[in-house]
Structures are given as structure tokens and as C-alpha cells.
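Participant: Let's see this in three dimensions:
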Amino acid sequence: MSYIITIDGPTGSGKSTVSRLLAQRLNYRYLDTGAMYRAVGFAILRAGVDLHNKEEITKICNGLDIKFIHEGDSTKIYLGNEDVTKAIREPVIDLIASNVSALDTVRKVMTTLQRRIGSQGPLVVEGRDMGTVVFPDAQHKFYIDASLEVRVNRRFQERQKRGEFISREKVKEDLIKRDSQDMSRHLSPLRPATDAKIIDTTKLSLDQVVEKIMKDMKMNKE
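Facilitator: Modelled structure (predicted):
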């Protein structure tokens, strides 16, 4: 699995942008697994299915046709022929995605799909359990983090750019709740892999983080 690079970390750590930039630099494919769980959450919300109804959720998961379409520097996600790129980034999907990702029925289907994508060639994959569960044998593993205040600021600015009217305090509250859900869930909790390189992005630019990752990968090859 030398061609798979895993990047895990919490919301607001910068892992999504770093992963995209790294994939571009290396000419690798990029996979945002968080978007996959968001798509599942979106489908479940649209269907009006209760999160405790495992049978119906399993049916929805098995029937989903999730596709990533790369267009220049951007990536769009489709459910069948529907572009849901913007829809799955709505705030209501944040916590639903976290709840959905804690369901064993959902993770089983998504993990199988993620591994299938990983078997198709060089890939930078980001999420919350890529290095610990999905690709435990990946040669290059990274865990990206940042201080809570920095992550709150990044998330706040991101949501403002989307045109949302929200207070910084509410963003912080949501982020703390999301962290708690991701780190305390019984199935595949958010944590660094034992052999992952941990990078604190608090005082680093995104380009500096990418350079740090590439330097570390080069050192491991020598």
C-alpha cells in the first residue's frame, strides 16, 4: 500500500485542503471519505428514516450510487445523477454525518467501497479512521490536528463564506459536540494510528503542512 497516503484528523484541522493540495502535487487521486458519510446522511435525511432503523439504513446504503467527479482542481460528489456537493455541506448534515458514521451497517458498506477505490491506484485519502481501520497497512500515515480555537476560527470563516449567519460561539459549540461524538463512539473512534506522523497545523500554513508531509515521505523512502 505504498501508493496510499492516509490523512486523518478532526474538523477544522485543515486535512481536506491539505489532502487536495498533496494529491495535486503528487498527481494522485483524492478521496474525501467524510463527503461519503455526508452523502449517506443526506440520503437518510431525505428518506425520513430514523437513525435507529438499521434495516432501512442498510437498504439505503446498499442502494446508493456514490460517485466522485474531478473537474480541474475541484471534486464534485454525486448520488446517482444528482450533484449533491453543496447539499451535503449544509450545517444540518454535520451532526447527522457523525451519527451515521457510528453505525456498523454504514461503516461496513463505506469501508468496502473505500478499499475498492484504494485498490485502483495511487490515492490520498482523508477521514477519521483511514490509518487505523480502512487502510491499516498504508505506508504513509498522517494525523493532522490544531488547537480548538484555531479550528473554530477556520470553521467559522468557512461557514461565513457559505453565506451563513452564525455566531462564533455556536460554531464552537457544534465543533466540540462533533469532536465528542467522533472520539467517543464505540466503532472506529477518531484517533491517530500508532504509526502515524502527527502534525500540529496551528501555526502552519496549508502549503507548509504539505511540504512537511512530502519531506517526511521522502525521508521514509531513503
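
Participant: Helix or strand with the lowest mean pLDDT in this structure?
Facilitator: The weakest-scoring helix or strand in the chain, judged by mean pLDDT, DSSP states H and E, is helix 91-100 (a mean of 82).

Participant: all strands for this structure, in order.
Facilitator: 4-8, 29-32, 66-71, 74-79, 82-83, 123-127, 140-145, 197-200 (DSSP state E).

Participant: To L45, which of these lies closest?
Facilitator: Of all those, the one in closest proximity to L45, counting by Cβ to Cβ, is strand 74-79 (12.1 Å). Heads up, the C-betas are built off the backbone N, CA and C, glycines and all.

Participant: could the strands of the chain be laid out in JSON lines, adding mean pLDDT?
Facilitator: Listed next are the strands of the chain as JSON lines, based on pLDDT from 0 to 100:
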{"stretch": "strand 4-8", "mean pLDDT": "96"}
{"stretch": "strand 29-32", "mean pLDDT": "91"}
{"stretch": "strand 66-71", "mean pLDDT": "84"}
{"stretch": "strand 74-79", "mean pLDDT": "87"}
{"stretch": "strand 82-83", "mean pLDDT": "94"}
{"stretch": "strand 123-127", "mean pLDDT": "95"}
{"stretch": "strand 140-145", "mean pLDDT": "96"}
{"stretch": "strand 197-200", "mean pLDDT": "96"}
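
Participant: Now tabulate these in TSV and tack on mean neighbour count.
Facilitator: Putting the strands of the chain into TSV (neighbours: other Cβ atoms under 10 Å) gives the following:
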stretch	mean neighbour count
strand 4-8	27
strand 29-32	20
strand 66-71	13
strand 74-79	16
strand 82-83	12
strand 123-127	26
strand 140-145	24
strand 197-200	17
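
Participant: For K177, find the nearest of these.
Facilitator: If you check each of the strands of the chain against K177 by Cβ to Cβ, strand 140-145 wins as the nearest, at 17.6 Å.

Participant: How about exporting the closest one as PDB, limited to the C-alpha atoms?
Facilitator: Extracted in PDB, the C-alpha atoms of strand 140-145 (Å, rounded to 0.1, in the frame of the first residue of the first chain):
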ATOM      1  CA  HIS A 140       2.400   6.800   4.800                       C
ATOM      2  CA  LYS A 141       0.000   7.800   7.500                       C
ATOM      3  CA  PHE A 142      -0.600  11.300   8.900                       C
ATOM      4  CA  TYR A 143      -2.800  12.700  11.600                       C
ATOM      5  CA  ILE A 144      -3.500  16.500  11.300                       C
ATOM      6  CA  ASP A 145      -4.700  18.500  14.300                       C
END
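
Participant: Distance from the chain centre to that strand, please.
Facilitator: The chain centroid and the centroid of strand 140-145 are separated by 12 Å, computed with Cα atoms, centre = their mean, to the nearest Å.

Participant: Next: stretch 116-125.
Facilitator: Mean-position distance between stretch 116-125 and its chain equals 15 Å (Cα atoms, centre = their mean).

Participant: residues of that stretch that come out buried?
Facilitator: Buried residues in stretch 116-125, counted by 16 or more other Cβ atoms under 10 Å: 117-118, 123-125.

Participant: Which of those residues sits closest to A35?
Facilitator: V125 (11.5 Å).

Participant: For A23, see how far away the closest one is.
Facilitator: Separation of V125 from A23 (Cβ to Cβ, to the nearest Å): 9 Å.

Participant: Need the residues touching each of the two.
Facilitator: Contact criterion Cβ atoms under 8 Å, 6 or more residues apart in numbering; residues shared by V125 and A23: Y30.
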